[in-house]
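J.: Give me the fold of what follows.
(chains A and B)
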Amino acid sequence: KAGVTQTPRYLIKTRGQQVTLSCSPISGHRSVSWYQQTPGQGLQFLFEYFSETQRNKGNFPGRFSGRQFSNSRSEMNVSTLELGDSALYLCASSLTGSGIQYFGAGTRLSVL
Amino acid sequence: AQTVTQSQPEMSVQEAETVTLSCTYDTSENNYYLFWYKQPPSRQMILVIRQEAYKQQNATENRFSVNFQKAAKSFSLKISDSQLGDTAMYFCAFIVSVQFFGNEKLTFGTGTRLTIIP
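T.: Residues are numbered from 1 along each chain as shown, chains lettered A, B, ... in the order given. As a prediction, the model looks like this:
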């Protein structure tokens, strides 16, 4: 089985722009979660989607949004980028009820 | 709210030796899972081991084992016969039991950077 795939691997944007990150979960996994990883704040939960519905949301401003498609693929969007949004964004998928999340390799976003 | 604390920012050990990474957590929940994830320089977060809180027996996966002390809210990871490939950041993580609909949120500790010295 293919693992969790995140694209792109690297992104460079400037302040004020918006960005969309993509995540394809493991086949059969319907839950997709997103995390932000920074040296200062560590790993923080952004949101989780299941069957195209957002079930959980972390403490992030409304500039961070996401969606999930009927094939369970998910995208997250960050609008009006700020320097502090520079981070590694990790996506994880799980078979609901298993308690185990499988992670992708992440998208490294740099905001200049 | 759940919190996870890893008090060892960095550790190093000689190859083939045994090392123990510490983790404590705080929760008012009774049903939950605890995990150790490994993040090598490649950035891919890899599951090392999982422990279900209702199980008294400590989980073991090959060279990796845990010491789970529920009353003390402690969850340490022991790596035996350490190998160069074990060099990575190790994160302790917690999730409330997903038995109940709508909870797939992992709470992570700050990580321990482990270096295996040849």
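
J.: mind checking which helix or strand of chain A has the lowest mean pLDDT?
T.: Using mean pLDDT, DSSP states H and E, the weakest-scoring helix or strand in chain A turns out to be strand A:53-57, at a mean of 89.

J.: what about that strand, distance to the chain center?
T.: With CA atoms, centre = their mean, to the nearest Å as the basis, strand A:53-57 stands 12 Å off its chain's centre.

J.: for stretch A:23-42, same thing?
T.: That offset, for stretch A:23-42, works out to 5 Å (CA atoms, centre = their mean).

J.: Which strand residues bridge the residue nearest the centre of chain B?
T.: Central residue of chain B (CA atoms, centre = their mean): B:W36, 2.7 Å from the mean position. Judged by DSSP bridges, the bridge partners of B:W36 are B:I49, B:C92.

J.: rewinding a little: which other helices and strands does the following helix or strand past the least confident helix or strand of chain A contact?
T.: Per DSSP states H and E, the first helix or strand lying C-terminal to strand A:53-57 is strand A:64-68. If contacts are counted by 3 or more CB pairs under 8 Å, 6 or more residues apart in numbering or on different chains; DSSP states H and E, strand A:64-68 sits against strand A:42-50, strand A:53-57, strand A:74-78. Every residue, glycine included, has its C-beta placed from N, CA and C.

J.: could you redo the last one with a cut-off of 10 Å?
T.: strand A:19-24, strand A:31-38, strand A:42-50, strand A:53-57, strand A:74-78 (3 or more CB pairs under 10 Å, 6 or more residues apart in numbering or on different chains; DSSP states H and E).

J.: Is chain B within reach of the second one?
T.: Yes. Residues of strand A:31-38 are located near chain B by CB under 10 Å from any CB of the partner chain, namely A:31-33, A:35, A:37.

J.: Top of those residues by number of neighbours, please.
T.: Highest neighbour count within these: A:V32, with 29 neighbours (other CB atoms under 10 Å in any protein chain shown).

J.: That one touches A:S93, doesn't it?
T.: Yes. With contact defined as CB atoms under 10 Å, A:V32 reaches A:S93; the gap is 5.2 Å.

J.: Point out where chain A drops to low pLDDT.
T.: Where chain A drops to pLDDT under 70, the residues are A:97.
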